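Trainee: Here is my input, please return the structure:
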Amino acid sequence: MRAVSLNSLALLLLCTLACVLHLWGGLEKRLERRERDLVPSTARTFRALLAVPAARTASRYFVGARTNATAGGGDENRTLMSESGEPEDGGPATVEPLEDGVFWSRSLESRLPAAFSEDHARAWSLRARAERVLSLEPGCGRTSNQLATFSDGSRACVRYGINAEQVQGETLAYYLARLLGISNVPPLVLAQPRAEQWARVRKRVDGLQWAGRAVVSVTEWIANLSGTVTPTPLRPDGSGLRPSSDFSNQTEAELLELAQWSDLVVFDYLTANFDRLVSNLFSLQWDSRVMERDTSNLLKAPHGALVFIDNEAGLVHGYRVLDMWERYHSSVLRSVCIFRRRTAQRVAALHRYRDVRARLFDLYRDSEPLAAQLGFLSEEHARILQDRVDRVYRHILHCKGKYNQL
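Mentor: As a prediction, the model looks like this:
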């Protein structure tokens with residue numbers, strides 16, 4: 001009997017130990033899941049502060065893993081193609097990175113990967129306004145947005161804003177990029193889904209409950225893009241992009257990416273777009289590793305061109321909430337003292353003639369048939385844009401005065 005009792009006790013202890021191990025293993029798995037969930041939770045918290053119902057991700061550019069080249073397409077159908085071949089990505093770059101104090105060198109700029117040329121944007125816009133829309137499906141962020149397939153097989157992201165200022169901001173940001181000579185923003189046209197071009201998807205449009213006379217933005221859909229993290233110099237603990245920085249160990253590919261980042265910083269400051277690098281800075285207060293993850297609304301093509309997507313937070317909405325975000329915008333701008341020469345020249349011209357509103361309006365009106373339906377910047381917002389152009393110009397002058405003797 002005593003032996004039986006001892007055996008029973010041993011069996012009981014083994015069962016108890018097995019249960020403890022099982023519970024501990026389950027707890028570890030739940031803790032791992034909790035750690036993985038922290039990132040989307042942070043994103044949701046930030047989106048809640050912005051009153052945006054759903055976080056947008058880069059995955060909408062990968063639906064179907066298709067390219068945008070049409071059958072038998074010629075040069076006008078190729079997008080994001082490098083004009084000078086793939087950048088060298090081995091050892092340190094052999095090209096001189098800087099010249100004239102605060103500018104990326106002409107030699108380096110000649111190697112920049114082509115993004116969306118004027119000719120490509122023009123050809124794509126003509127097709128996007130002419131080809132029939134065959135289908136709409138989820139795949140471009142919020143459920144109110146859709147991924148459209150045209151009759152020529154190409155695709156586009158259709159964005160229906162929570163309010164009109166989001167579509168307006170997205171559209172005017174695109175034309176401001178063109179005005180500045182920044183080619184990293186995908187081509188965009190406006191459309192009214194009640195037009196004959198959209199007849200095949202009328203039931204789908206009705207089901208989406210878009211307003212009857214709504215104006216939506218249609219942007220080129222690009223395949224095979226990936227996320228990209230903020231480069232070390234532009235992080236809060238980095239040294240910034242300055243002529244005094246040590247670029248001796250940078251590869252050519254890294255330098256080419258930094259040159260595009262300098263354009264991005266200027267562009268986002270002018271538009272007061274808080275939903276990219278600035279949002280990461282804001283999120284640092286509860287997420288210390290946010291800078292180690294992909295930057296919001298910024299993607300990269302295989303050959304190195306950066307793609308500035310989802311610019312709806314800029315200009316109209318960005319100006320309306322400027323007081324909340326301005327210290328972050330200013331901090332990012334101060335971290336950069338190296339610029340693309342053409343961008344600096346365009347800024348200088350807009351400052352000198354103080355006509356950014358007129359030039360932007362003329363380009364927008366002459367390029368977009370639905371410009372009158374969507375509207376333009378208010379007088380107040382136009383004044384803010386001109387003021388920000390002037391501030392960028394003064395910042396470039398400050399950098400030149402500080403570093404031109406190096």
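
Trainee: Please identify the pairing partners of the strand or helix carrying residue 135 and their relative orientation?
Mentor: Take DSSP states H and E as the rule and residue 135 turns out to sit in strand 133-137. Listed by DSSP bridges, the sheet partners of strand 133-137 and their directions read strand 146-150 (antiparallel).

Trainee: roughly how far out does the strand it pairs with sit from the chain middle?
Mentor: 20 Å (C-alpha atoms, centre = their mean, to the nearest Å).

Trainee: Pull out the buried positions in the strand holding residue 135.
Mentor: By neighbour count, and taking 16 or more other C-beta atoms under 10 Å as the criterion, the buried residues in strand 133-137 are 133, 136. In short, each C-beta sits where N, CA and C put it, glycine included.

Trainee: which other residues reach that strand?
Mentor: The set of residues that contact strand 133-137 without belonging to it, under C-beta atoms under 8 Å, 6 or more residues apart in numbering, is 63, 146-151, 158, 197-198, 200-201, 204-205, 208.

Trainee: Go again with 10 Å.
Mentor: Applying C-beta atoms under 10 Å, 6 or more residues apart in numbering, the external contacts of strand 133-137 come out as 63-64, 145-153, 155-156, 158, 191, 193, 195, 197-205, 207-208, 218.

Trainee: For that strand, give the mean pLDDT please.
Mentor: Confidence for strand 133-137, expressed as mean pLDDT, is 96.

Trainee: Please apply the same query to stretch 363-376.
Mentor: On average, stretch 363-376 scores 96.

Trainee: Please apply the same query to stretch 243-263.
Mentor: For stretch 243-263, the mean confidence score works out to 95.

Trainee: cool, and stretch 282-294?
Mentor: Averaged over stretch 282-294, pLDDT sits at 91.

Trainee: For it, measure first residue to last.
Mentor: Counting by C-alpha to C-alpha, to the nearest Å, you get 15 Å between the two ends of stretch 282-294.

Trainee: Check which residues of it are buried.
Mentor: Taking 16+ other C-beta under 10 Å as the neighbour-count basis, stretch 282-294 is seen to contain the buried residues 282-283, 287, 290-291, 293-294.

Trainee: For residue 257, give me its contacts.
Mentor: By C-beta under 10 Å, 6+ apart, the neighbours of residue 257 are 87, 112-113, 228, 231, 250-251, 300, 304-306.

Trainee: nope, residue 107 is what I meant
Mentor: Taking C-beta under 10 Å, 6+ apart, one finds 94-97, 99 in contact with residue 107.

Trainee: For PyMOL, what selects the buried ones among the contacts of strand 133-137?
Mentor: Burial among those is assessed by 16+ other C-beta under 10 Å; the matching PyMOL selection reads:
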select buried, resi 63+145+146+147+148+149+150+152+155+156+158+191+193+197+198+201+204+205+208+218
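
Trainee: Sort out which of the contacts of strand 133-137 are in helices and list them.
Mentor: Counting by DSSP state H, the part of the contacts of strand 133-137 found in helices is 202-205, 207-208.

Trainee: Pull up the gap between residue 246 and residue 233, please.
Mentor: Counting by C-beta to C-beta, to the nearest Å, the separation of residue 246 from residue 233 is 10 Å.

Trainee: Need the overlap of contacts for these two.
Mentor: residue 239.

Trainee: So those two - more neighbours on which side?
Mentor: For residue 246 versus residue 233, the count of surrounding residues by other C-beta atoms under 10 Å is larger for residue 233: 18 against 7.

Trainee: got the contact list for the closest residue in space to residue 372 that isn't next to it in sequence?
Mentor: Residue nearest to residue 372 in three dimensions, not counting chain neighbours: residue 365, with 7.8 Å by C-beta to C-beta, 6 or more residues apart in numbering. Contact analysis of residue 365 by C-beta under 10 Å, 6+ apart lists 175, 371-372, 376.
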